[in-house]
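Asks: 3D model of this:
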Amino acid sequence: MVTVSVSAAEAELSEDERAGLELVRETGGIHQSDFWKELGVSSRKGSRIVESLVEKGLVDREETIYDGHNTYYISPTARDLDFTLLMAGDMLSPFIGEEEVDPNSDAFSQWIMNLAYEE
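Replies: Alright, predicted model coming up:
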């Protein structure tokens, strides 16, 4: 499997693929049965667009049932997600993880102070 950078993969997209990728990113995820309708293309063409975006690593696709029918849920890949709201400077929010965080803890106070100094 050849790994291509996201920007290189995006540069090679057709107009329909670019519109499809934009739709998935804007919605944060969409059922394939709605995807092709939103794009105004046939279900067959919509499936081809999704397959191409999946092959290029630009979206994820998982089987699901929606309105009683088998379909796929198309979502942005993890690298597309924006984690900046979880950051304060170079510190990740202490509320990310399995353990419970005390809002009176030093870690939380330090994170809040970093947020305040950023602005």
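Asks: Glu26 versus the one residue sitting closest to the centre of the chain, what's the distance?
Replies: Closest residue to the average C-alpha location of the chain: Pro76 at 2.8 Å, with C-alpha atoms, centre = their mean. Between Pro76 and Glu26 the distance, using C-beta to C-beta, to the nearest Å, works out to 10 Å. To be clear about C-beta, it is placed using only N, CA and C from the backbone, and glycine gets the same treatment.
Asks: ok, now Tyr66?
Replies: With the distance defined as C-beta to C-beta, Tyr66 ends up 19 Å from Glu26.
Asks: ok, Tyr117 next?
Replies: In this structure, Tyr117 and Glu26 are 33 Å apart, going by C-beta to C-beta.
Asks: what of Ile49?
Replies: For Ile49, the distance to Glu26 - C-beta to C-beta - is 15 Å.
Asks: can you check Val59 too?
Replies: Computed with C-beta to C-beta, the distance linking Val59 and Glu26 is 12 Å.
Asks: more crowded one of the two?
Replies: For Val59 versus Glu26, neighbours defined as other C-beta atoms under 10 Å are more numerous around Val59 (24 against 10).
Asks: quick revisit: now do the contacts for the residue nearest to the centre of the chain.
Replies: With contact set as C-beta atoms under 8 Å, 6 or more residues apart in numbering, Pro76 has these partners: 24-25, 28-29, 59-60.
Asks: so what's it bridging to?
Replies: Beta bridges link Pro76 to Val59 when assigned by DSSP bridges.
Asks: distance of it relative to Trp36?
Replies: 18 Å.
Asks: which of the contacts of Pro76 sits closest to Asp102?
Replies: Of all the contacts of Pro76, the one sitting nearest Asp102 is Gly28; the distance, using C-beta to C-beta, is 31.1 Å.
Asks: in the protein, where is pLDDT below threshold?
Replies: 1-7, 79-83, 85, 97-98, 119 (pLDDT under 70).
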